[in-house]
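Visitor: sequence? don't have it. structure:
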């Protein structure tokens, strides 16, 4: 436990403190939901105006060449590669996380034609499980999606498993997998491994190459601050690219898209996974968010992220014994969020939001707080914990206006 | 043939003339490529600033509810439905045209489980053919994509055909299909019909319901003026929706996405085809473009579009006999573009662009001019034809700087 003044003192010596000025943050709001929608970089509206007015408005169709729009999926992908420990040509920006999951799941099954199982964990983010279910329903073969508890993952990997699919940091609990151990276990049985980086990239160093990860997807609108519904990205390790088929075989993934030939011939490397025409305005916004991440030191981000988490856990546990920690206490095993169980979690979070502290609720009983080290301060975390404990002490959450059921967060 | 003054006189009495003021158009440019990238509406940068600064910047995650982001795919889809003769709940905005093609192709095959053929035409836009090829490669069954000449389509429909896939207006020639005849022929053999509206929606009245079309996709960045890489849309006729499976089974297509359950349960109707998180910034830009279309009378748009085409054909044929018309002369059978063959088409178009008349070249020998009745004037068409003929007469295109091969348009 520390005092509010001690929290302020930590901010004063924070090596990342200047980054906060690069974001637009509403006054009197403590925003702890950057793991759902990252804050707006100040540079984004300025850059978007230029893209819209100058490039689209004035240069029109010529911008595909003149401003190199046609290569943005690769150039932005290259920047993401630096954040996730990949080679520049191993990452491309395209479509949504869900669609990219489909591409990688379908390709992985073809690379392991004698195997029939996709293995994942019960608490994986639903879209990861759903996309696998949709693919298997389409294939109508004797494939299965095997869903096990996290602790059972490694021992469930056998020679029937084509692919192990996990999310590095769990969206509910913030539990972080040991990717190295998982990859070794998968490869030991001849399986591939696919990692969803939605809750890790940008919030901590990720090292796909070092951990021998085969496949990955990630999201642009969380810690990368790319804006609501920002385009997603996908990664295929260099060694697999040549044989990795593209079943979402859109025209921009063709080896020669402007030849307009009748038959699909896949482009080289990641380019074949582009599919349709890239969303230029959204790509521009993602580029702005990314550029800030690239200016920061990822080790410093991780260090601060964990310190913010420790501070929050310590303060809350000291003052709110009724909250049950859902996040691993071990820093190595957690991401950049802290979650607690509370049987009236929805109402508690509504009451907290009404006081200007924005976290979110996840069914059935999780209140979730994400820490974005580029713009969250120690004093924000101290204040958020303080307000949360006040609400619980005073049972503010039990007032009628906080009792409606959520529809969307 | 008419004089330039007569063209100006036609502009003076054009019922759509005021719409031009709603677009930003660069000076000294005649833009005849709105069928590739529509011009920038003046309202778009203003609206985008509001969405970015106010909604994303200030209201952050709350905007999903507060500003109803979560329902934009439906509300924008409802607007598109008005342009294409569909019911409000038959259209949803999602993903790219290519990805939406995949959704509909995969679902159509399941709805005709005893049939093994997707029938399309040789000159269909490549991504339509490629997406079918990708799907069939994934399914690894005895399916075939049968590609025939346009004239052979109807007689090629038999009981093996699950789906007939066409683009209403051909991207190369501007040829327009008779959808009613095609749909009757398909249905007569028990096949479904899928129509790509990329080059028709927004440039003419489209009536999917009236013509009994089962499935459709379309593009936001051409005549809808939604911006580069704008999101696309898909349509499934009401009668088919209940049985139409979603194999790209993303979390936002779940019946209860915020329950975060382990198993995919498809949402009602079109909602199940949403897949991932919608791209809000791009959706906002598309909404701006669409709103202008909705303010105009589609019959007036069609009438002017054809008149512009007639004017261009007449002027060019009178002065440039070496150009061979690739577009049907019959107004009923053409879209909103006029194309010519020229063996040095690429160089001719480069020379024309250098003079400020923007059309485009399509391999192997097509120069293509799109007419956007909301912002192209009769005098623009007159001037464009005049400049094109000057270039041909003086062989300007044969100068060295125009002889490089295109990489991208």
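Guide: Perfect, thanks for sending it. Given the structure is predicted, the values throughout are model-derived calculations rather than measurements.
Visitor: use CA for all of it now, contacts and neighbours both
Guide: Will do.
Visitor: List the buried residues in stretch A:31-46.
Guide: Neighbour counts using 16 or more other C-alpha atoms under 10 Å in any protein chain shown place A:31-45 of stretch A:31-46 among the buried residues.
Visitor: Cross-check those residues against chain B and keep the overlap.
Guide: A:33, A:36, A:37, A:39, A:40, A:45 (C-alpha under 8 Å from any C-alpha of the partner chain).
Visitor: Those residues in strands, which ones?
Guide: Of these, the ones assigned to strands by DSSP state E are residue A:40.
Visitor: any chance of the ones next to chain B among the buried residues of stretch A:31-46 in JSON lines, plus distance to residue A:372 and pLDDT?
Guide: As requested, those are exported to JSON lines (distance: C-alpha to C-alpha, whole Å; pLDDT from 0 to 100):
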{"residue": "A:33", "distance to residue A:372": "8", "pLDDT": "97"}
{"residue": "A:36", "distance to residue A:372": "11", "pLDDT": "96"}
{"residue": "A:37", "distance to residue A:372": "11", "pLDDT": "98"}
{"residue": "A:39", "distance to residue A:372": "9", "pLDDT": "98"}
{"residue": "A:40", "distance to residue A:372": "12", "pLDDT": "98"}
{"residue": "A:45", "distance to residue A:372": "20", "pLDDT": "98"}
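Visitor: What separation do you get for residue A:99 and residue B:128?
Guide: 18 Å (C-alpha to C-alpha, to the nearest Å).
Visitor: and if you look at residue A:31?
Guide: Residue A:31 is 44 Å from residue B:128, by C-alpha to C-alpha.
Visitor: The residue of the stretch 301-409 of chain A found nearest chain B: neighbouring residues, count only.
Guide: Residue of the stretch 301-409 of chain A nearest chain B, by C-alpha to the nearest C-alpha: residue A:363 (6.1 Å). Neighbour count of residue A:363, defined by other C-alpha atoms under 10 Å in any protein chain shown: 14.
Visitor: Isn't it up against residue B:257?
Guide: No - when contacts are counted by C-alpha atoms under 8 Å, residue A:363 is not listed as touching residue B:257 (10.7 Å).
Visitor: Please enumerate the helices of the stretch 1-150 of chain A.
Guide: Counting by DSSP state H, counting those that start in this stretch, the stretch 1-150 of chain A has helices at residues A:4-12, A:43-49, A:63-66, A:72-83, A:97-111, A:126-139.
Visitor: closest one to residue A:253 among these?
Guide: helix A:72-83 (11.4 Å; C-alpha to C-alpha).
Visitor: So is that closest one next to chain B?
Guide: No - between helix A:72-83 and chain B, judged by C-alpha under 8 Å from any C-alpha, nothing touches; the nearest distance is 11.7 Å.
Visitor: So what's the gap between stretch A:138-145 and the chain middle?
Guide: 28 Å (C-alpha atoms, centre = their mean, to the nearest Å).
Visitor: Can you get me the start-to-end distance on it?
Guide: End-to-end distance (C-alpha to C-alpha), stretch A:138-145: 13 Å.
Visitor: Return the set of buried residues in it.
Guide: When burial is assessed from 16+ other C-alpha under 10 Å, stretch A:138-145 yields the following buried residues: A:138, A:139, A:143, A:144, A:145.
Visitor: re the thing from before, and the residue of the stretch 301-409 of chain A closest to chain B, how close does it get to residue B:152?
Guide: Distance from residue A:363 to residue B:152, by C-alpha to C-alpha: 56 Å.
Visitor: try residue A:99
Guide: For residue A:99, the distance to residue B:152 (C-alpha to C-alpha) stands at 35 Å.
Visitor: Neighbour count: these two, which is higher?
Guide: residue A:99 (26 against 12).
Visitor: Against chain B, how distant is the more buried one?
Guide: Counting by C-alpha to the nearest C-alpha, to the nearest Å, the gap from residue A:99 to chain B is 7 Å.
Visitor: pLDDT weak spots in chain A?
Guide: A:404-409 (pLDDT under 70).
Visitor: Of all residues in it, which one is nearest the centre?
Guide: By C-alpha atoms, centre = their mean, the mean C-alpha position of chain A lies nearest to residue A:198, the distance being 1.5 Å.
Visitor: List the residues that contact it.
Guide: A:167, A:169, A:217, A:218, A:219, A:220, A:222 (C-alpha atoms under 8 Å, 6 or more residues apart in numbering or on different chains).
Visitor: Take those and keep only those in strands.
Guide: Per DSSP E, the subset of those in strands is A:167, A:217, A:218.
Visitor: List the residues that contact the first one.
Guide: Meaning residue A:167. Listed by C-alpha under 8 Å, 6+ apart, the contact set of residue A:167 reads A:124, A:125, A:177, A:195, A:196, A:197, A:198, A:199.
Visitor: A strand includes the last one, no?
Guide: No - counting by DSSP: H, G, I helix; E, B strand; the rest coil, residue A:199 is located in no strand; its state is coil.
Visitor: Quick check: beta-bridge partners of the residue lying closest to it once chain neighbours are set aside?
Guide: In this structure, residue A:199 finds its nearest non-sequential neighbour in residue A:169, 5.4 Å apart by C-alpha to C-alpha, 6 or more residues apart in numbering or on different chains. Counting by DSSP bridges, residue A:169 forms beta bridges with residue A:176.
Visitor: my guess is residue A:169 meets residue A:338, correct?
Guide: No - using C-alpha under 8 Å, residue A:169 is not in contact with residue A:338, being 11.3 Å away.
Visitor: Can you pull the phi/psi pair for residue A:85?
Guide: Main-chain torsions, residue A:85, degrees, to the nearest 10: phi 70, psi 40.
Visitor: Without its sequence neighbours, what residue ends up closest to it?
Guide: That would be residue A:207: by C-alpha to C-alpha, 6+ apart, it lies 4.0 Å from residue A:85.
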